[in-house]
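Engineer: below are the sequence and a predicted model; questions follow.
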Amino acid sequence: MLNTIFHRLLQSVVVIVLMSFVVYMLIGLMPGDPIDLMISSDPRMTAEDAARLRQVYGLDQPLWDRYMAWATGALSGEFGYSRLFGRPVIELMGPRLLNTFLLMLSAWILAVIFGLGLGILAGARQGGIIDTSVNWLAFVSASTPTFWLALLLMILFSVQLQLLPASGFPTSLNAGFGERLRHLVLPVLTLAIFETGAYARYMRAAMMEALNADHVRTARAKGASRVRVVLVHALRNAMIPVVTIMALGFGNQFSGALITETMFSYPGMGKMIFDSVMGNDFNLALVALLFATAMTLAANLIADLAYVMLDPRISYAARPGGAAR
Amino acid sequence: MRRLLARPGAVFSIVILSVIALAALAAPLIADAFGYDVTETDLLARYEPPSLAHWLGTDEVGRDVLLRMLYGARVSIAVGLVAALLAAIIGTAIGLLAGWFGGRIDVLLMRFTDGVIALPLLPLLIVLAAVDLRKIGLPQWIVNGEQISLYRIIVITALVGWTTVARLVRGQTLALRARDFVRSAIAMGAGPLRIMIVHILPNAISPIVVATTLAVGNIILFESVLSFLGLGIQPPLPSWGNMLSNAQETIWQSPLLAVYPGMLILITVACCNLLGDALQAAYDPRRRLRTA
């Protein structure tokens, strides 16, 4: 077990390190460089000044040397300054991470509750109304663009019913809990609807399989009630694969979170990545992307470990395709 | 093929997709028939409700919404098809190499694939979309070309979309490598390249087709998101995504503008998924990748 954890942890670290290099390189390929930006903000700067600055900032060094310099700094907690915000990048991460985490966790909890509930009901009564609806929900949500669903919810709740705000998030500390909640509803709902469909479909499939198992048939033959059979005997086995799917789902929400955050102007990591890429804020974009990657990898890691821990029959080597969705 | 046509889902999705594709192909003819130009603006006829002249009304600068959607369909479908094919080629190559050579190469390639799968794709796509093409050495005339946003999005979505095909092809290759006809080919002295292309690829084509069909839908979704965020297809070239981007700004004036293009994306992608599922069920009735 410990060996497994160590192995997977190592793997994630390797992915992060490789990713940091790739992203560093890609960011270097974005339009302009920091010196160009300084030149455009200070018209008195001469070509010699620019060349000197390039040297000061080490931009005349080869890519690999620059990356190593950055990585050494990053390892000692020095991530540089954000151009857009004029503050150390690392200071900006905390509150955004928290906001995104809040958004993703709320959506995830909602999706888990509804997904499990609907999935159990659908699996227990195949061909019923709930079963059909779950199938449709799963099918439609797999084909709908997240941003379009967000748009539709915006139209319904903000434009037509005028119940909820279409964007923003109160940043002042004295904004009440209720006000914060109102701004969370639409982004959370958007994300939750997508995941609910997927979870319900997996839960349904797992439930159907579990209901066919021998011990469940025995329980039924012994005269256990239908509810008891479903909730006690079948559910336990059905949960094993579903827990993994749900843990993976948490990390997979990040792309959706990026879209909803951007659309609803919700100050989280996703919006910050988008804004920093659009605003040529190299340091911020780099670090924010790495944080987002680390977050996703951590969720995947937890999912894998949960799978190994929950099902003693499965050794690490026999782990299924995992993250493939 | 007969097994495929026996499925109502397959027939339904083929019919719908054909209608959309034909309408998209015929878009210039339709434009002529109505006497409109897709880029023609008419500030006196903004936000018009649906009418005989404009079946779905007009947008914020008086352009015909239906016509723009059809032109958008050309772009979105072309991106979906070409990028999915490109992704299938990349995935097939990686899967063949990993499955055939095994050992270190297999471990390396599959770890790489796992790594790509584990990444948050959208942020990565955003960075890729923001790359300055001049810095990777493309000549000026290509970079400034009118269609550059089209090519760019095809390449970057293909770059992240190959993983499923790679896994499937690797699995098939591993299974086929042990079969007698492949072993006899080896014994007769066929080189690895010949075996991969002549013996293995034709037998692995079914899962590739299924995965590619499903990929078309996914790539259309990615394209629409990127275009929606302003990083994909650039106006005046219309795409479903960038039409919705305009529509978000005008939801207070005309909420319906935000409904139509999204509906078309939903229908198209749903049909791709339906067709993919039907293909899967037709070539291998026992095993289904997805239930829906």
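Structural biologist: Arrived safely, thanks for sending.
Engineer: okay, CA-based contacts and neighbour counts for the rest of this
Structural biologist: Fine.
Engineer: how much space separates A:T244 from chain B?
Structural biologist: From A:T244 across to chain B, the span is 14 Å (C-alpha to the nearest C-alpha, to the nearest Å).
Engineer: how about the closest residue to chain B within the stretch 151-300 of chain A, nearest residue that isn't a chain neighbour?
Structural biologist: Chain B sits closest to A:S255 of the stretch 151-300 of chain A, with a gap of 5.2 Å, by C-alpha to the nearest C-alpha. Excluding the flanking residues, the one nearest A:S255 by C-alpha to C-alpha, 6 or more residues apart in numbering or on different chains is B:L122, at 5.2 Å.
Engineer: before we move on, the earlier item: helix or strand: which one has the residue of the stretch 151-300 of chain A closest to chain B?
Structural biologist: helix A:235-263 (DSSP states H and E).
Engineer: picking that back up, hang on, the residue of the stretch 151-300 of chain A closest to chain B packs against B:L121?
Structural biologist: Yes. At 6.8 Å, A:S255 counts as touching B:L121 under the criterion of C-alpha atoms under 8 Å.
Engineer: hmm, back to that, other SSEs contacting the helix holding A:S255?
Structural biologist: Counting contacts by 3 or more C-alpha pairs under 8 Å, 6 or more residues apart in numbering or on different chains; DSSP states H and E, helix A:235-263 packs against helix A:89-124, helix A:146-153, helix A:177-211, helix A:269-278, helix A:282-310, helix B:121-130.
Engineer: counting by contacts, list what the last one packs against.
Structural biologist: The elements that helix B:121-130 packs onto, with contact taken as 3+ C-alpha pairs under 8 Å, 6+ apart, are helix A:2-28, helix A:235-263, helix A:269-278, helix B:148-160.
Engineer: dump the ones you listed into CSV; add mean pLDDT and mean neighbour count as well.
Structural biologist: Formatted as CSV, these follow (pLDDT from 0 to 100; neighbours: other C-alpha atoms under 10 Å in any protein chain shown):
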stretch, mean pLDDT, mean neighbour count
helix A:2-28, 82, 16
helix A:235-263, 83, 22
helix A:269-278, 88, 23
helix B:148-160, 87, 20
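Engineer: for A:P88, find the nearest of those.
Structural biologist: Closest to A:P88 of these is helix A:269-278 (C-alpha to C-alpha; 13.7 Å).
Engineer: contacting residues around the closest one?
Structural biologist: By C-alpha atoms under 8 Å, 6 or more residues apart in numbering or on different chains, the residues outside helix A:269-278 that reach it are A:84, A:93, A:96-97, A:99-100, A:254-255, A:257-259, A:261-262, A:265, A:282, A:284-285, A:288-289, A:292, B:123, B:126-127, B:130.
Engineer: that one versus helix A:235-263: what angle between them?
Structural biologist: 40 degrees (axes from the mean of the first three to the mean of the last three C-alpha atoms, to 10 degrees).
Engineer: PyMOL command to pick out the buried ones of the contacts of helix A:269-278?
Structural biologist: A single PyMOL command selects the buried members of those (16 or more other C-alpha atoms under 10 Å in any protein chain shown):
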select buried, (chain A and resi 93+96+97+99+100+254+255+257+258+259+261+262+265+282+284+285+288+289+292) or (chain B and resi 123+126+127+130)
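Engineer: could you see whether chain A lies near stretch B:8-21?
Structural biologist: No. Judged by C-alpha under 8 Å from any C-alpha of the partner chain, stretch B:8-21 and chain A are separated, with a smallest distance of 12.6 Å.
Engineer: output that stretch in PDB with nothing but the alpha carbons.
Structural biologist: What follows is the C-alpha trace of stretch B:8-21 in PDB, where atoms were taken according to Å, rounded to 0.1, in the frame of the first residue of the first chain:
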ATOM      1  CA  PRO B   8     -32.700   3.200 -35.200                       C
ATOM      2  CA  GLY B   9     -30.300   5.500 -33.400                       C
ATOM      3  CA  ALA B  10     -27.800   5.100 -36.200                       C
ATOM      4  CA  VAL B  11     -30.200   5.800 -38.900                       C
ATOM      5  CA  PHE B  12     -31.600   8.800 -37.100                       C
ATOM      6  CA  SER B  13     -28.200  10.300 -36.400                       C
ATOM      7  CA  ILE B  14     -27.000   9.700 -40.000                       C
ATOM      8  CA  VAL B  15     -30.100  11.400 -41.400                       C
ATOM      9  CA  ILE B  16     -29.800  14.400 -39.100                       C
ATOM     10  CA  LEU B  17     -26.100  14.800 -39.600                       C
ATOM     11  CA  SER B  18     -26.600  14.600 -43.400                       C
ATOM     12  CA  VAL B  19     -29.200  17.300 -43.300                       C
ATOM     13  CA  ILE B  20     -27.000  19.600 -41.300                       C
ATOM     14  CA  ALA B  21     -24.000  18.800 -43.600                       C
END
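Engineer: contacts only, for the residue in the stretch 51-200 of chain B that chain A sits nearest to.
Structural biologist: Closest to chain A within the stretch 51-200 of chain B is B:V131: 4.4 Å, counting by C-alpha to the nearest C-alpha. By C-alpha under 8 Å, 6+ apart, B:V131 lies in contact with A:26-27, A:29-31.
Engineer: residue ranges with poor pLDDT in chain A?
Structural biologist: Applying pLDDT under 70 to chain A flags residues A:1, A:32-45, A:54, A:56-60, A:165-177, A:311-325.
Engineer: which single residue of it ends up nearest chain B?
Structural biologist: Chain B sits closest to A:M30 of chain A, with a gap of 4.4 Å, by C-alpha to the nearest C-alpha.
Engineer: next, the buried residues of the helix or strand that contains B:G95.
Structural biologist: Taking DSSP H and E as the criterion, B:G95 maps to helix B:65-101. Neighbour counts over helix B:65-101 (16+ other C-alpha under 10 Å) mark B:65-100 as buried.
Engineer: residues of the stretch 101-250 of chain B that sit close to chain A?
Structural biologist: Within the stretch 101-250 of chain B, the positions near chain A by C-alpha under 8 Å from any C-alpha are B:114-115, B:117-124, B:126-128, B:130-133, B:135-136, B:164, B:217-218, B:221, B:224-225, B:244, B:248.
Engineer: filter those to the buried ones?
Structural biologist: When those are checked for burial by 16+ other C-alpha under 10 Å, the buried set is B:114-115, B:117-124, B:126-128, B:130-133, B:164, B:217-218, B:221, B:224-225, B:244, B:248.
Engineer: number of nearby residues for B:R104?
Structural biologist: 10 (other C-alpha atoms under 10 Å in any protein chain shown).
Engineer: in terms of helices and strands, where is it?
Structural biologist: Going by DSSP H and E, B:R104 is in helix B:103-118.
Engineer: and that helix, what other elements does it pack with?
Structural biologist: Under the contact criterion of 3+ C-alpha pairs under 8 Å, 6+ apart, helix B:103-118 touches helix A:282-310, helix B:65-101, helix B:163-177.
Engineer: closest one to B:A270 among those helices?
Structural biologist: Closest approach to B:A270 among those (C-alpha to C-alpha): helix B:65-101, 13.3 Å.
Engineer: got the angle for the closest one vs helix B:103-118?
Structural biologist: Using the same axes, to 10 degrees, helix B:65-101 lies at 150 degrees relative to helix B:103-118.
Engineer: please name every helix or strand in contact with helix B:65-101.
Structural biologist: Counting by 3+ C-alpha pairs under 8 Å, 6+ apart, helix B:65-101 packs on helix B:8-25, helix B:27-34, helix B:103-118, helix B:148-160, helix B:163-177, helix B:205-228, helix B:240-249.
Engineer: before we move on, back to that, what's the angle from the helix holding B:R104 to helix A:282-310?
Structural biologist: Using the same axes, to 10 degrees: helix B:103-118 against helix A:282-310 is 110 degrees.
Engineer: so where's the stretch 1-150 of chain B shaky on pLDDT?
Structural biologist: B:1-3, B:31, B:34-62, B:136-138, B:141-146.
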